[in-house]
Each structure stands twice: as structure tokens, then as C-alpha cells.
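> sequence unavailable; structure follows:
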């Protein structure tokens, strides 16, 4: 009998496609305060998010062809939005993040409170992607 | 002087838009072996991924209008692919996962080996979204 398969451990790479990489890099670095790691400033930029995850911004239309690298080929992919992505913040950080976004001129599009007390702040990135900052207590494992 | 803002702790919610929710639920549950948590079987289905993350499948076109819930309103979002998402597996699980996908009839579209020894398996979900199973060592924090 086959051994059980080791489960997937997490989502490592989450992606958004953007129209203007420089504008988006500035937004995610300065507004969301994410740390840039790898990127070529032309086709893609990667940001570290927490201890085990990355956000990758790809120039929309720039990954429609396979990308051949020394280690192998990345197959084509692309996307059109307004996509949605949710980032985790602590409950104590909710009000400071709302204030920070407002100070930076980012419009809060909506706020929600979930049954177990988790809160969500919704706003848009430069491409109109719907971003959410959410505090723990919304999902069984968060 | 303002206190420093507590950083974003991770990406909690990663999203894919799909054309046939039942087909996609079966794929993510049976092939990727993710655990379904919340969902209405019509508009969305959520899966637990690792200790702190969820994958949310939304029916494409089903979230173009705001969704009003007792706790607040979720603003509209949507997306078209073929999007890309990368899931983490242990290095020891790489060969068993390749074999599992092949046994389930999922075509391996590409494989890659990264400079520090991380490996990636690329394949497609029922909507053509480019999925990746990647072992640690590809990013500074993974």
C-alpha cells in the first residue's frame, strides 16, 4: 500500500498581474510596507510576506510566452482583474493600518466584522485589485 | 513620532476564479488533497492550506456585484486567467507528488531546478490556471 502523500504545506507564491510595474512596486513597498526581494524591474517583482510567503507582481502580458531559465522552463500564465488577495494583520494593528492607509490617501472601500470578531479592511491597489487586511478569527485555521 | 506599523504577517487568502465550481472543488480536494472548509457550493468554496492560509475558489462572474453580509459588504472583484499560484511541499514529497499527479492523469507541463536546489513541478487545474508545487530554497524566506 502506498504511503500517504505529504500534504501541501502552504501557499508560497501568490500572484497579481499589473499594468505598470514601477507604480505597483512603489505601492506595495511604501503603502503595504512589503520587503522587495527578487525582481528585474521589467517583467516581475517579488516581495517577502511574513515568514514563508511571497507576493509576485508580473507585468500583465509579459508572461504569455514560456520563460526558459537555466534550471527549466516556466510555462505561460497571465491574468486580468480586478483580482482579490487577503493579507493578515494582528487585531491590534487594525486601527493603525486604517489610519495609515487614510494618511497615504488610499480610500477604504469597505469594512466588515465577521462572526468571531475578525475584522476586514478593503481597498484597491493601483490596478484596482481588491486588497483586504484581515485579523485572525475569520477561518478555522486563521 | 508615530509608532512603527505592525507589518503584514502573511497572505491569508489567495484566490482563483473558476468556470465550474463542482469540477474545481473535486480537483482541489482529490488531486491536491486540500481540506474544504467554508463554501456555499454555488458561488465560492474555501480550502484550508497549511496552518494559516486559505485558497478561495470563486465562480467567475459571481462576484461582480458587492456582497452584503450581516457584518459588512465585500466589494466586487473578479478575474480571468490562466492565473498562477505556487504551493509549498517538502523536498522529500517532490517525487511522490509527481507520481501522484501522473497516476491521477494530471499532465506535468514542466519541471525546474532552482540555483539553491529547490524544485518546481508545473501543471494545470481544470481552468488552465498554472499551478506549481515548489520545495524550499527558492526564495530568501522559503
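Okay, I see it. This one's a predicted model, so the numbers in the text were calculated from it and none came from an experiment.

> any idea which helix is longest in chain A?
Looking across chain A with DSSP state H, the single longest helix is helix A:94-103.

> ok, residues contacting that helix?
Taking contacts as CB atoms under 8 Å, 6 or more residues apart in numbering or on different chains, the residues outside helix A:94-103 that touch it are A:31, A:89, A:108, A:111, A:119, A:121, A:123, A:133, A:135, B:3, B:5-6. Yep, even glycine has a C-beta here, placed from its N, CA and C like the rest.

> mind doing that once more with 10 Å?
Taking contacts as CB atoms under 10 Å, 6 or more residues apart in numbering or on different chains, the residues outside helix A:94-103 that touch it are A:31-33, A:87, A:89-90, A:93, A:106-108, A:111, A:118-121, A:123, A:131, A:133-135, B:2-6, B:8.

> restricted to buried residues, select those residues in ChimeraX.
Buried residues within the contacts of helix A:94-103, by 16 or more other CB atoms under 10 Å in any protein chain shown, are selected in ChimeraX with:
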select /A:31,32,87,89,93,106,111,118,119,120,121,123,131,133,134,135 /B:8
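
> report the distance from the longest helix of chain A to the chain centre.
18 Å (CA atoms, centre = their mean, to the nearest Å).

> quick one: average pLDDT of it?
Regarding helix A:94-103, the rounded mean pLDDT is 97.

> same question for stretch A:40-48.
On average, stretch A:40-48 scores 93.

> when you scan that stretch, is anything in it near chain B?
Yes. Counting by CB under 10 Å from any CB of the partner chain, contacts between stretch A:40-48 and chain B involve A:46-48.

> repeat for stretch A:20-36
Yes. Shown here: stretch A:20-36 in contact with chain B (CB under 10 Å from any CB) through A:28, A:32-35.

> and for stretch A:107-122?
Yes. Stretch A:107-122 lies within reach of chain B by CB under 10 Å from any CB, at A:109-115, A:117-120, A:122.

> start and end of that stretch, how far apart?
Counting by CA to CA, to the nearest Å, you get 9 Å between the two ends of stretch A:107-122.

> stretch A:96-115 now?
One end of stretch A:96-115 sits 22 Å from the other (CA to CA).

> just how off-centre is stretch A:127-142 within its chain?
Distance of stretch A:127-142 from its chain centroid, counting by CA atoms, centre = their mean, is 10 Å.

> buried ones in that stretch?
Going by neighbour count (16+ other CB under 10 Å), the buried part of stretch A:127-142 is A:127, A:129-136, A:138-139, A:142.

> ends of that stretch, what's the gap?
This stretch, stretch A:127-142, spans 27 Å end to end (CA to CA).
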